[in-house]
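Q: Here's my sequence, what's the structure:
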Amino acid sequence: MTKIVVGGRLVGMLEVAVIEEPAAAEASLDPMRSRILAELVEPGSAVMLAGRLGVARQKVNYHLKELERHGLVELVEERRRGNVAERVYRAVAASFVISPVALGAVSPDPARAPDQLSARWLVALGARLVQEVGALLGGAARAQRRVATFAVDAQVRFASAGERAEFAEELTRVVAELVGRYHDEGAVGGRVHRVVVGVHQIPERDPGGPVPMAGAGGAVDAEVGQEDR
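A: Below you'll find the model as predicted:
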């Protein structure tokens with residue numbers, strides 16, 4: 001069975017699943033299979049999906065078997081209609097994220113070229129975040145425990161590039177101060193936590209809109225050792 005790391009939950013299903021194995025990632029990226037996964041947020045059979053997607057039932061059945069083989073969908077019910085058994089499936093999650101683990105040796109490594117003003121470094125930090133939190137979720141699922149995490153999501157509109165630069169400098173000082181205050185290298189039983197703070201321009205919705213300026217992304221990356229709460 002393909003390893004899928006689970007995240008939060010919706011009623012009756014997972015909210016997010018993090019895919020770690022290359023074969024499962026490839027299966028989820030197939031256009032028809034991704035459409036099937038989207039449809040199966042609500043349970044459905046091959047007959048129902050064939051009608052919605054406008055393709056032959058046999059073709060849908062083939063894709064369903066592949067998705068089931070990789071653990072992306074699950075059988076929730078089997079109905080008997082005369083001599084025919086109708087299998088009803090549901091996606092294991094409402095949405096999926098592919099972990100950089102699936103890319104193997106070509107997955108991003110933030111340590112290669114750390115640069116606070118590089119948007120590519122910010123992407124590499126984000127990729128590592130998915131990889132590390134995905135691994136934590138996998139271990140927590142096996143141990144039937146929850147993962148202690150914390151996140152802040154905010155938006156800020158800068159009047160100028162200068163103010164953005166001042167914001168980044170002040171944010172760096174504040175984070176460094178907090179890390180210095182709470183980091184305890186000798187804490188018995190303490191666990192190292194990673195703190196990542198990123199700033200990036202929100203992409204324009206209009207495809208013909210302006211391209212974000214170089215240097216618009218910034219990030220602060222730090223490691224903090226503290227007790228789990």
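Q: Show me what the helix or strand hosting L125 is packed against.
A: Using DSSP states H and E, L125 sits in helix 119-143. Other helices and strands packing on helix 119-143, by 3 or more Cβ pairs under 8 Å, 6 or more residues apart in numbering; DSSP states H and E, are strand 4-6, strand 13-19, strand 191-199, strand 218-226. Yep, even glycine has a C-beta here, placed from its N, CA and C like the rest.
Q: That helix - what's its average pLDDT?
A: In this model, helix 119-143 has a mean pLDDT of 84.
Q: Which residues belonging to that helix are considered buried?
A: By 16 or more other Cβ atoms under 10 Å, the buried positions in helix 119-143 come out as 119, 121-131, 133-134, 137-138, 141.
Q: By mean pLDDT, show me the worst of the helices and strands packed on helix 119-143.
A: strand 4-6 (a mean of 45).
Q: for the chain, what are the low-confidence residue spans?
A: Applying pLDDT under 70 to the chain flags residues 1-13, 205-229.
Q: try it again with 80
A: Within the chain, the segments meeting pLDDT under 80 span 1-14, 80-84, 137-145, 204-229.
Q: Relative to A143, how far out is the most centrally placed residue in the chain?
A: For the chain, V97 is the residue whose C-alpha lies nearest the centre (Cα atoms, centre = their mean; 3.8 Å). As judged by Cβ to Cβ, to the nearest Å, V97 and A143 stand 21 Å apart.
Q: so what's S95 bridging to?
A: V16 (DSSP bridges).
Q: could you measure it against S160, distance?
A: Distance from S95 to S160, by Cβ to Cβ: 36 Å.
Q: And those two? Which one has more around it.
A: Using other Cβ atoms under 10 Å, the more surrounded residue of S95 and S160 is S95, with 14 against 8.
Q: The more buried one and V16 touch, don't they?
A: Yes: if you go by Cβ atoms under 8 Å, S95 and V16 touch, sitting 5.5 Å apart.
Q: returning to that earlier point: which residues touch the residue nearest to the centre of the chain?
A: Contacts for V97 were tallied using Cβ atoms under 8 Å, 6 or more residues apart in numbering; they are 16-19, 130, 134.
Q: tell me the secondary structure for it?
A: strand (DSSP: H, G, I helix; E, B strand; the rest coil).
Q: ok, it to L103 distance?
A: According to Cβ to Cβ, V97 stands 13 Å off from L103.
Q: what do you get for E68?
A: 24 Å.
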